[in-house]
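>>> Here is the input, now give the coordinates:
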Amino acid sequence: MNVKVIFLLLIGVLVLSCKSEIEEDLKELSSVKVTEYSYQELPYLEQPYIRENYISTTIEYFDQDSVPVQIKNGEMYYNPVFTSLYGIRYVDAFIRSEDSYYLTLAKRIADRLVEESRADNQILLFPYNFEFEYSHEDRFQTPWYSGMAQGRMLTFFVRMYGVTNESKYLEWAHQTFETFKLIKNQDHDWIGYIDNENYYWIEEYPAEKPIHVLNGFIYAIYGLYDYYLLTKDEESLHLLNASVTTIENYIGDFRNPGGISSYDLKNRFLNSDYHDIHVDQLNMLFAITGETYFKEKADLFENDFSGSN
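As a prediction, this is how the structure comes out:
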């Protein structure tokens, strides 16, 4: 048997394995707790990530193609959450300024992050290629993956498709969406978790003992929301509903009456900047669902800490 045949057989095994993993996870996902919501398509300037002023092209560190990077210990890294946010904001700048240079920069970011991705047949996973210590108990070795990164990349590809109508961005969005079906088990990388009460979580930091970071989960929800509005896909609606259901059920656990809300449910870190983000995100969930429950919680959180906003 020659080398080419062996290689093709190995690729075939990898593809079948990936499909099998997703199919097994889909069985679990079909039974998670879900409330049905009615999603609103917001005016452009009210959509997630859109700010009053669009971004400039000034960045501190970038590669040879002007793709934003981060520097850690003297080494250059692509951080998918950080870099894709620039991509989203460059798309916004292109829409509002009609300056094609912004779109050129956004295209370079998309291409570079896909080049750096792990592509296994139906899925695109965007790695962190640097070690990260979240807490003394949770240390992430390279490569590791984040539900927040996957969600932000999903928003980025949806918006790139919206301004270019190029099929590759739609395909990349489809492949990124597939990763939300990867549920925690011992056999593959994952970003989704089903708890003992059958609620579906998207983990910003997928750890052995779930961390449940609030802001990262909701940023990931924005990606599912954008993807659903584009595709009207039933699987994406199911996962979007399941995610929002989890937030509705657990948001009270993040609240510290009279104080700053918890960053996560494992360590319960307190950070006033992220408290403000929680308030903004709950207001956004109210905007996209029309559910006054989220507005009431946003107001409670804001009243808890007078330094907010």
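>>> The spatially closest residue to Arg139 that is not a sequence neighbour: neighbouring residues, count only.
Nearest non-adjacent residue to Arg139, counting by Cβ to Cβ, 6 or more residues apart in numbering: Glu133, 4.9 Å away. For every residue, glycine as well, the C-beta is placed using N, CA and C. Residues lying near Glu133 (other Cβ atoms under 10 Å) number 9.
>>> what is Ile183 paired to in the beta sheet?
As for beta bridges, Ile183 partners with Gly192 under DSSP bridges.
>>> Surely it and Lys27 touch.
No: Ile183 sits out of contact with Lys27 when judged by Cβ atoms under 8 Å, with a separation of 9.6 Å.
>>> Check which residues of the helix or strand encompassing Trp172 are buried.
Trp172 is part of helix 167-177, with elements assigned from DSSP states H and E. Burial within helix 167-177, assessed by neighbour count using 16 or more other Cβ atoms under 10 Å, is assigned to 169-170, 172-177.
>>> Specify which member of these is nearest to Gln70.
Set against Gln70, the nearest of the buried residues of helix 167-177 by Cβ to Cβ is Thr176 (21.0 Å).
>>> The closest one against Met153, yeah?
Yes: with contacts counted by Cβ under 8 Å, Thr176 reaches Met153, the gap being 5.2 Å.
>>> Please list all residues in contact with the closest residue to Phe269 other than its chain neighbours.
The shortest distance from Phe269 to any non-neighbouring residue, by Cβ to Cβ, 6+ apart, is to Tyr263 (4.1 Å). The contact partners of Tyr263, by Cβ atoms under 8 Å, 6 or more residues apart in numbering, come to 213-215, 269-271, 274.
>>> ok, back up a step: you'd agree the residue nearest to Arg139 is up against Gln141?
No: using Cβ under 8 Å, Glu133 is not in contact with Gln141; the gap is 10.4 Å.
>>> tell me, how many neighbours does Lys266 end up with?
If we define neighbours as other Cβ under 10 Å, then Lys266 has 18 of them.
>>> actually Asn129, not the one I typed
14.
>>> Against Pro68, how distant is it?
Spatial separation of Asn129 from Pro68 under the definition Cβ to Cβ, to the nearest Å is 15 Å.
>>> same question, Tyr78
For Tyr78, the distance to Pro68 equals 8 Å [Cβ to Cβ].
>>> now Leu270
The value you get for Leu270 to Pro68, if Cβ to Cβ is used, is 29 Å.
>>> Who has more neighbours out of the two?
The residue with more neighbours, out of Leu270 and Pro68, is Pro68; 21 against 14, by other Cβ under 10 Å.
>>> tell me the secondary structure for the nearest residue to Glu46 once chain neighbours are set aside?
Distances taken as Cβ to Cβ, 6+ apart put Ala287 closest to Glu46, at 6.5 Å, once the chain neighbours are dropped. Assigned with DSSP: H, G, I helix; E, B strand; the rest coil, Ala287 falls in the helix class.
>>> Would you quantify the distance from Ala287 to Val91?
In this structure, Ala287 lies at 20 Å from Val91, with Cβ to Cβ as the measure.
>>> any idea where the helices of the protein begin and end?
Listed from the start of the chain, the chain has helices (DSSP state H) covering 3-29, 80-97, 100-115, 147-164, 167-177, 214-231, 234-254, 272-289, 292-304.
>>> can you pull the contacts of the residue lying closest to Asp138 once chain neighbours are set aside?
Closest residue in space to Asp138, ignoring its immediate chain neighbours: Ala207 at 4.6 Å, by Cβ to Cβ, 6+ apart. Under the criterion of Cβ under 8 Å, 6+ apart, the contact list for Ala207 reads 134, 137-138, 140, 266.
>>> biggest separation within the residues you listed, which pair?
Comparing all pairs in these by Cβ to Cβ, the longest separation belongs to Phe140 and Lys266, at 14.1 Å.
>>> distance between stretch 37-51 and the chain's centre?
Distance of stretch 37-51 from its chain centroid, counting by Cα atoms, centre = their mean, to the nearest Å, is 16 Å.
>>> And the contacts of it?
Here stretch 37-51 has contacts from 85, 88-89, 92, 95, 155, 222, 225-226, 228-229, 240-241, 244, 284, 287-291, using Cβ under 8 Å, 6+ apart.
>>> Now do the same for that stretch: mean pLDDT, whole number.
In this model, stretch 37-51 has a mean pLDDT of 98.
>>> Could you export it as CSV, CA atoms only?
Coordinates of the C-alpha atoms in stretch 37-51 are reproduced here as CSV (Å, rounded to 0.1, in the frame of the first residue of the first chain):
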residue,chain,number,x,y,z
TYR,A,37,-38.2,33.0,22.3
SER,A,38,-39.2,35.4,19.5
TYR,A,39,-36.0,37.1,18.1
GLN,A,40,-36.0,40.6,16.9
GLU,A,41,-33.9,41.8,14.0
LEU,A,42,-32.5,45.1,15.3
PRO,A,43,-31.7,48.2,13.4
TYR,A,44,-28.1,48.2,12.3
LEU,A,45,-26.8,50.8,14.9
GLU,A,46,-28.5,48.8,17.7
GLN,A,47,-26.9,45.4,16.9
PRO,A,48,-24.3,43.7,19.1
TYR,A,49,-20.7,45.2,18.8
ILE,A,50,-21.9,48.4,17.1
ARG,A,51,-20.5,51.5,18.8
